[in-house]
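Q: Test case, fold it:
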Amino acid sequence: MRFSIIIPSHNGAERIAKALDSCYSQSFTDYEVIVICDSCTDNTHQIAESYGAKVIDVNVRRDGLARNAGLDIAQGDYILFLDDDDWWLHEFVFELINKAIGTTDCDMVNFAVIWRTKGYVSKPAGVLLPMCAGHCWKRSFIADTRFDDARYSSDTHFLNALSKKKPYGLWTGQALYYYNYMRPGSLSDQHERGEI
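A: Numbers count the residues shown, from 1 in each chain. The predicted structure follows:
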């Protein structure tokens with residue numbers, strides 16, 4: 001299997017369909033979707049299952065630790081992370097990433113992200129976005145690197161750990177991911193309001 005898409009969710013029933021639609025409408029089909037229901041009390045689990053996603057239930061109350069549960073069962077050669085309130089911008093995202101990887105055996109592919117309130121974000125070659133969005137990682141390169149239990153910005157710590165391993169990467173300025181930044185109730189919104 002080429003890709004594993006890992007989606008952590010806490011009570012995401014009202015928003016996860018758009019994320020899942022953006023996965024299951026892809027033209028490239030050699031992938032699995034793993035949804036981690038973290039302390040869910042709504043029907044997120046049932047919605048994800050209805051799409052055909054692998055679903056696991058955890059009670060860790062941290063997006064990073066929930067992603068770890070997905071990493072532990074992922075089967076794809078490469079890992080993509082998607083939040084339950086975000087989505088892929090095109091139906092050919094996985095195809096483009098697969099073509100970019102080609103026969104290079106690269107450790108990661110870095111791509112641009114559109115932020116709802118920030119516009120278009122692309123980093124120059126060699127510079128990583130400090131978040132899960134915008135990267136595709138080789139699973140064997142990630143190896144036993146895992147997210148810590150930080151309440152906020154656990155993805156920054158994870159990416160710092162991976163960058164210290166000096167990945168061989170490819171960069172593209174093409175926007176492939178929509179980051180629903182500052183969605184009311186999201187971690188970024190809670191942080192902005194000083195709640196975390």
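
Q: Below-threshold pLDDT in the protein: ranges please.
A: 117, 152, 181-196 (pLDDT under 70).

Q: before we move on, what SS does residue 177 have?
A: strand (DSSP: H, G, I helix; E, B strand; the rest coil).

Q: Equivalent analysis for residue 105, please.
A: Going by three-state DSSP: residue 105 is coil.

Q: residue contacts, it?
A: Residue 105 makes contact with residue 168, according to Cβ atoms under 8 Å, 6 or more residues apart in numbering. In short, each C-beta sits where N, CA and C put it, glycine included.

Q: those strands in this structure, which residues are they?
A: Using DSSP state E, the strands of the chain run over 3-9, 31-38, 54-58, 78-81, 87-88, 108-115, 119-121, 135-138, 169-179.

Q: What segments of the protein are helices?
A: Secondary structure of the chain (DSSP state H): helices located at 16-24, 44-51, 63-73, 93-101, 139-142, 154-163, 187-192.

Q: now those helices in CSV, with mean neighbour count and distance to residue 82?
A: Converted to CSV, the helices of the chain look like this (neighbours: other Cβ atoms under 10 Å; distance: least, Cβ to Cβ, whole Å):
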stretch, mean neighbour count, distance to residue 82
helix 16-24, 19, 6
helix 44-51, 18, 12
helix 63-73, 21, 10
helix 93-101, 18, 10
helix 139-142, 16, 16
helix 154-163, 18, 12
helix 187-192, 15, 15
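
Q: Pull up the gap between residue 139 and residue 130, please.
A: 21 Å (Cβ to Cβ, to the nearest Å).

Q: With residue 24 instead?
A: 29 Å.

Q: Can you name the residues bridging to the spatially most central residue of the chain?
A: With distances taken as Cα atoms, centre = their mean, residue 81 lies nearest the centre of the chain, 1.4 Å away. Beta bridges link residue 81 to residue 6, judged by DSSP bridges.

Q: show me the contacts for it.
A: When contacts are counted by Cβ under 8 Å, 6+ apart, residue 81 touches 5-7, 67, 132-133, 135, 155.

Q: neighbours of residue 126, just the number please.
A: Counted with other Cβ atoms under 10 Å, the neighbours of residue 126 add up to 9.

Q: residues contacting the closest residue to residue 54 other than its chain neighbours?
A: In this structure, residue 54 finds its nearest non-sequential neighbour in residue 34, 4.8 Å apart by Cβ to Cβ, 6 or more residues apart in numbering. Residue 34 is in contact with 4-7, 53-56, 70, 73-74, counting by Cβ under 8 Å, 6+ apart.

Q: could I get those residues as JSON lines with distance to residue 45?
A: Listed next are the contacts of residue 34 as JSON lines, based on distance: Cβ to Cβ, whole Å:
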{"residue": "4", "distance to residue 45": "19"}
{"residue": "5", "distance to residue 45": "17"}
{"residue": "6", "distance to residue 45": "16"}
{"residue": "7", "distance to residue 45": "12"}
{"residue": "53", "distance to residue 45": "10"}
{"residue": "54", "distance to residue 45": "11"}
{"residue": "55", "distance to residue 45": "5"}
{"residue": "56", "distance to residue 45": "9"}
{"residue": "70", "distance to residue 45": "14"}
{"residue": "73", "distance to residue 45": "15"}
{"residue": "74", "distance to residue 45": "18"}
